[in-house]
Each structure stands twice: as C-alpha cells, then as structure tokens.
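*Asks:* below are the sequence and a predicted model; questions follow.
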Amino acid sequence: MYKEMQKGIVKTMSSALLYGFTPSICALTYVMGNNHTSMTFFRNFLAVPALLVIALWKKTDLRTDWKTFLKIFLVANLGTFLTTLLLYSSYSYISVGMATTLHFLYPLLVVIFSFCFYGDKITKQKWCSIGLAGTGIVCFLLNSCMGEAKGMILAFGSSITFALYMMLLDKLKLSKLDGSKLMFYACSITAAEMYLMNIKTKALIFEQSWEVYGLMLLVALLVSVVANLFLKEGVRILGSTMASFVSLLEPISSIFFGVVLLNESVSGIQLVGCMAIILSIMNLIGFPQTRRSEI
C-alpha cells in the first residue's frame, strides 16, 4: 500500500512538471503566429495516434458501452476541451503568470465541490493545506499585474471546469479505466469538437511553420499523452483531493520553465509562494497511509 501511494505521488508530481512546461511552449508558438484555438486542437489531435498505438500495444479493448461513453464525454468536455480552451484563451488578455495562478484555485475547488456534491469531510489536515495553498496563490497574485476582467474570468473558469474534471474522474470511477483508452476517447472527442467549431469560427491555423508543428507535437506527446496518463493514475491511487494538491507543483514548474525558456525573473514573493505550496503538499501527503481515508 505504501509503495502504491509513493507511485501515485511520483506520477502526479511528474504530470505537474510536464503540465508546467506547457505555458512557456504556448508562448513561444504564439510569437510564431499560432493561437490558442489551434494549440488546443493540435494538442489533442496529434495525441490521438500515439494513444491508439499505446492502446493497441497493450492489447486494450477500445470498445465501451454507452453509459461509460457518456461519462467520458462529460469529463472530456470539462477537462481536455473547456479547461484548455478557457486557459489558453485567457493568455490573450492577462499574463501567463496571472492566468496560471487563477487556474490553480482548482485544488481548493475540488475540496469544496467534493464536500457540496458528495459530502466528503474536510479534515484539519485539509484545512491546513488549503490555508498554505491559499497563501501561495495569494503570493503569486501579488506578484502579477492585474489584467482585463475578461481574461481573469476565463482563467477562473478554467479552474472550475478542471476541478469538476478531477472530482468526476474519481467519483465516476473513470480513473479505473485503462488510461490509454480513456485519453484516446477524450482527445478524439475534443479534437472533433474543435474541428466542428472551426466550421463557424475559422480560427484554426493549418498553414504554420514546421517549428510550430514540432512544438505542438511536443506538447501533445508530453502533456496530452504522458502527463494526462500520469495524472489519471495519480487520481486512481490518491483520490481527486490529494492528487489536485500534489498538482500544485505545476505553477512552480511553470516559473522554472519561464526562467529557463523565456528568461523571466523570479521575485522574493514568488519564492515565498513556492515554499507555501510545497509545505501544503507535504502537509497533505506526509501522514501515515493508514489514515488515507481521512485525508
């Protein structure tokens, strides 16, 4: 049991590091002429063949009943479609740092939604982690310049949809499905919906440089395939609440990649925020595994 918990923590942390890689890559492609709609579409579309190969290699049965498909359709629209589109859209109105900070209200929302919809207890350990995580998020907000209200609404909307995605992935037992099968359907649904939406919006950009396509393929493989599969396993092992708090490493990794790839600077208050988030995660996962049901 202890080794299984460790495995879940490592996989969730790995997914957070890979997710944190995305904003910097998105920023690089936008400079080259890409946009948020194309990034959302190609991030999912380019992942579908890779997920299909993984599923076939594992000899996974891709058939599913309608009840399960409707559940997958729901979480796909919340997670891979709406969350990505809302978050990437917010980058056009506010800074990536501000958008990422508002998006990462979702671990707190997972706790609130789980309490409201499923009656999950909010223990003292959860309250402590919520306080520490909230402190870290406030530090990031204080470091960011306030932007347009539309961008802030879009980014906060992404935190709501992703919180619902995380909670339902756990509560609807979809985290117990084979990961390649789940993400194959989720990415296929999202890519199809984005393409149909483009019939009216004409927002997709197909004529792009090989460099942009290469970067989008990189994001598709590392995030839509590897990170999504790792996060799904993290939710299966740890549950939605603990997995969402461990995922708070993502804004820290976003800062790291921003420094490395975009030559961004790091302020003292950002370092305080990073420390508060690390303490929040350590507080939640540092208790004996015999108390897993309480956490």
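*Replies:* Done, it's in. Numbers count the residues shown, from 1 in each chain.

*Asks:* contacts for stretch 39-52, please.
*Replies:* 26, 29, 80-81, 84-85, 88, 180, 183-184, 186-188, 190-191, 194-195, 198, 204, 213, 216-217, 219-221, 223-225 (C-beta atoms under 8 Å, 6 or more residues apart in numbering). Just so you know, the C-beta spots here come from the backbone N, C-alpha and C atoms, and that holds for glycine as well.

*Asks:* please pick the buried ones from these.
*Replies:* 26, 29, 80-81, 84-85, 88, 180, 183-184, 186-188, 190-191, 194, 198, 204, 216, 219-221, 223-225 (16 or more other C-beta atoms under 10 Å).

*Asks:* send the alpha carbons of stretch 6-14 over as CSV?
*Replies:* Output of stretch 6-14 as CSV, limited to C-alpha atoms (Å, rounded to 0.1, in the frame of the first residue of the first chain):
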residue,chain,number,x,y,z
GLN,A,6,4.5,6.6,-3.4
LYS,A,7,3.9,5.6,-7.0
GLY,A,8,0.8,7.8,-7.1
ILE,A,9,2.6,10.8,-5.7
VAL,A,10,5.6,10.4,-8.1
LYS,A,11,3.2,10.1,-11.2
THR,A,12,1.2,13.1,-10.1
MET,A,13,4.3,15.2,-9.5
SER,A,14,5.6,14.1,-12.9
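
*Asks:* buried set for that stretch?
*Replies:* 8-9, 11-14.

*Asks:* which of the contacts of stretch 39-52 fall within helices?
*Replies:* 26, 29, 84-85, 88, 180, 183-184, 186-188, 190-191, 194-195, 198, 213, 216-217, 219 (DSSP state H).

*Asks:* secondary structure class for the closest residue to residue 33 other than its chain neighbours?
*Replies:* Nearest non-adjacent residue to residue 33, counting by C-beta to C-beta, 6 or more residues apart in numbering: residue 208, 6.4 Å away. Here residue 208 is recorded as coil under DSSP: H, G, I helix; E, B strand; the rest coil.

*Asks:* I'd say residue 208 and residue 30 touch.
*Replies:* No - under the criterion of C-beta atoms under 8 Å, residue 208 makes no contact with residue 30, lying 11.4 Å away.

*Asks:* buried stuff in the host helix or strand of residue 279?
*Replies:* Residue 279 belongs to helix 268-285 when assigned by DSSP states H and E. Using 16+ other C-beta under 10 Å as the test for burial, helix 268-285 gives 270, 272-274, 276-277, 279-281, 283-285.

*Asks:* how about these in TSV, adding distance to residue 119 and pLDDT?
*Replies:* Converted to TSV, these look like this (distance: C-beta to C-beta, whole Å; pLDDT from 0 to 100):
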residue	distance to residue 119	pLDDT
270	37	71
272	35	82
273	32	76
274	33	75
276	29	80
277	27	76
279	28	80
280	23	76
281	25	72
283	23	74
284	20	66
285	23	63
